[in-house]
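# The following block contains a protein sequence and its predicted model.
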Amino acid sequence: MDAKTAAAIERLKQNKGLAEQIMRSGDGQKLIGLLTRTDGGAALERAAKSAAKGDSQELSQMLSGLLNDPDGARVMSRINDKAKR
């Protein structure tokens, strides 16, 4: 995971309201779609459960993988910009 993505994730962890706002946004919904497109969300659900228990490695890997996808990189960039505000 690159430093920008790690920083954005940390900001979202610290501000649950911002995280909820972003996830309800169009970009948040696009992100969910990208993360669930291959298996209907099973991997995302496992990653989210692990992250809730303090192990965010799987979720981080999923997000890092999106950076290799042009659509994913654009969405992540816009979300990162929103998280900075």
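Everything's here; your move.
# any idea which helix is longest in this protein?
helix 70-84 (DSSP state H).
# list the helices and strands that one packs on?
Using 3 or more CB pairs under 8 Å, 6 or more residues apart in numbering; DSSP states H and E as the contact test, the elements touching helix 70-84 are helix 3-14, helix 16-24, helix 26-36, helix 57-66. In this view, the C-beta of every residue, glycine as well, is placed from N, C-alpha and C.
# what secondary structure does D39 sit in?
Following DSSP: H, G, I helix; E, B strand; the rest coil, D39 is assigned to coil.
# and it, what does it touch?
Going by CB atoms under 8 Å, 6 or more residues apart in numbering, D39 touches no other residue.
# Can you give me the distance of it to A7?
Separation of D39 from A7 (CB to CB, to the nearest Å) stands at 28 Å.
# and the helix or strand bottoming out on mean pLDDT in the chain, how far out from the chain's middle?
Confidence across the helices and strands of the chain bottoms out at helix 3-14, with a mean of 73, counting by mean pLDDT, DSSP states H and E. Put simply, helix 3-14 sits 9 Å off its chain's centre (CA atoms, centre = their mean, to the nearest Å).
# which residues make contact with that helix from outside it?
Helix 3-14 has contacts (CB under 8 Å, 6+ apart) with 1, 18-19, 22, 56, 60, 63-64, 67, 76, 79-80, 83-84.
# for L67, phi and psi?
The phi and psi values for L67, taken as degrees, to the nearest 10, are phi -70, psi -20.
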